[in-house]
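J.: Please work out how this folds:
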Amino acid sequence: MHIEEHKSLKTYNTFAIDCRARYFVSIQSISDLKKVLKSKIHSEIFILGGGSNLLLTQDIDALVIHINIKGIEIISENKNTVSLKVMAGENWQEFVEYCIDHNYGGVENLSLIPGNVGTAPIQNIGAYGVELEDIFNSCNAISLNNHTEKKFTREACKFGYRSSIFKNEEKGAFIITSVIFNLTKTNHNKNIGYGAIKEELNNLQIENPTLKEISEVVIKIRKSKLPDPKKLGNSGSFFKNPIINDLEFKKFNKNYPEAPYYKISNSEYKIPAGWLIEQSGFKGKRIGNAGVHKKQALVLVNYGNTTGKEIVSLSKKIQAKVKEEFGIFIKPEVNII
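T.: Reported below is the predicted structural model:
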């Protein structure tokens with residue numbers, strides 16, 4: 001366990017923003033995590049996972065703890081299902097590939113989402129008709145207050161759209177160390193009705209896809225729309241898709257009948273933020289080294305050595321224009337520090 005000072009975090013966040021940590025340590029075991037929490041190196045603690053849902057706007061005057069705890073183990077299984085305990089430092093895509101290699105179903109639609117397993121519940125990640133909560137059993141976390149371990153059930157996590165208790169009431173209070181997932185071994189519930197997936201499978205003339213084929217289709221779709229963070233700094237979707245009520249939707253639909261939408265309940269509708277941003281004229285727009293991706297308006301990118309503050313400034317311009325044009329306020333999905 002080696003503690004570094006004034007460490008650059010450029011390679012630890014997918015936006016590739018060059019901010020520095022006053023103190024930095026990469027943790028590979030729960031025992032080391034507890035030791036460093038008790039060390040009192042700095043009065044402030046900042047937890048860093050895969051750095052994929054993060055926008056740094058300043059240096060971090062704190063002890064930055066990089067969670068790099070690895071491991072996957074079977075907790076229980078029968079002929080139809082399996083429960084896996086996955087440590088927080090496991091890369092999400094590598095975990096998805098592990099599941100597909102073992103024919104464990106449930107995560108295939110979540111292929112190629114950046115980040116690590118430990119940060120997935122915080123955000124309640126989701127894509128192409130599947131949410132993390134659909135396969136989530138529980139997670140273990142360590143309290144920053146008293147350094148004790150606590151188990152959070154699915155209900156205790158209070159999952160919402162790209163949200164959880166870890167983004168709200170307990171924000172910054174716990175460090176997730178492992179997650180237990182409930183997956184299928186047979187009779188997989190394949191979610192292939194989502195438009196883009198259905199269309200691609202039809203093009204490939206695949207009627208009953210394997211888990212691997214679904215994953216490959218999702219990866220193909222994501223790569224066609226989303227930039228690779230290793231080549232162009234970004235954190236995926238920067239904004240949440242706004243949810244509006246029935247009254248707001250009727251007015252919106254009357255004014256913009258061509259606009260796409262998803263009915264999520266009898267009184268709620270989800271409007272694609274990417275469409276709103278594109279219609280507001282920001283798709284492909286660049287201000288200095290900060291910009292909106294040319295293929296996916298939902299993604300803000302770092303074209304060079306931009307700063308987090310410049311990305312925030314661009315995001316506020318987008319928010320103001322969308323609000324002016326459509327009367328809808330779009331909220332950031334990323335955590336702005």
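J.: Every contact and neighbour count from this point should use C-alpha atoms.
T.: Noted.
J.: what's the host helix or strand of Gly236 packed up against?
T.: For Gly236, the host element (DSSP states H and E) is strand 233-237. Packed against strand 233-237 by the contact rule (3 or more C-alpha pairs under 8 Å, 6 or more residues apart in numbering; DSSP states H and E) you find strand 299-302.
J.: Need the CA coordinates for the strand it packs on. CSV is fine.
T.: Only the C-alpha atoms of strand 299-302 are listed here, as CSV (Å, rounded to 0.1, in the frame of the first residue of the first chain):
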residue,chain,number,x,y,z
VAL,A,299,-22.1,12.8,-25.0
LEU,A,300,-19.8,15.7,-24.2
VAL,A,301,-16.2,15.2,-25.1
ASN,A,302,-12.7,16.4,-24.4
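J.: which residues touch that strand?
T.: Strand 299-302 has contacts (C-alpha atoms under 8 Å, 6 or more residues apart in numbering) with 15-16, 226, 232-239, 289-293, 311, 315.
J.: Quick one: mean pLDDT over the very next helix or strand once past it.
T.: Past strand 299-302, further along toward the C-terminus, the next helix or strand under DSSP H and E is helix 308-326. Helix 308-326 shows a mean pLDDT of 96.
J.: in helix 308-326, what counts as buried?
T.: Gly308, Lys309, Glu310, Ile311, Val312, Leu314, Ser315, Ile318, Gln319, Lys321, Val322 (16 or more other C-alpha atoms under 10 Å).
J.: What about the nearest residue to Gly284 once chain neighbours are set aside, how many residues nearby?
T.: In this structure, Gly284 finds its nearest non-sequential neighbour in Lys294, 3.8 Å apart by C-alpha to C-alpha, 6 or more residues apart in numbering. Neighbours of Lys294 under the rule other C-alpha atoms under 10 Å: 19.
J.: about what we covered before: please name the strands paired to the strand holding Gly236 in the sheet, noting orientation.
T.: Strand 233-237 sits in its sheet next to strand 299-302 (antiparallel), going by DSSP bridges.
J.: from the chain's centre, how far out does the partner strand sit?
T.: 15 Å (C-alpha atoms, centre = their mean, to the nearest Å).
J.: Ok, stretch 51-65 next?
T.: Worked out by C-alpha atoms, centre = their mean, stretch 51-65 lies 16 Å from the chain centre.
J.: How about residues contacting the strand holding Gly236?
T.: Against strand 233-237 from outside (C-alpha under 8 Å, 6+ apart): 14-16, 52-55, 114, 226-229, 298-303, 333-334.
J.: average pLDDT for stretch 149-169?
T.: 92.
J.: Would you mark the buried spots in that stretch?
T.: Glu149, Phe152, Arg154, Cys157, Lys158, Phe159, Arg162, Ser163, Ser164, Ile165, Phe166, Lys167.
J.: Could you identify the most distant pair in these?
T.: Glu149 and Arg162 (24.4 Å; C-alpha to C-alpha).
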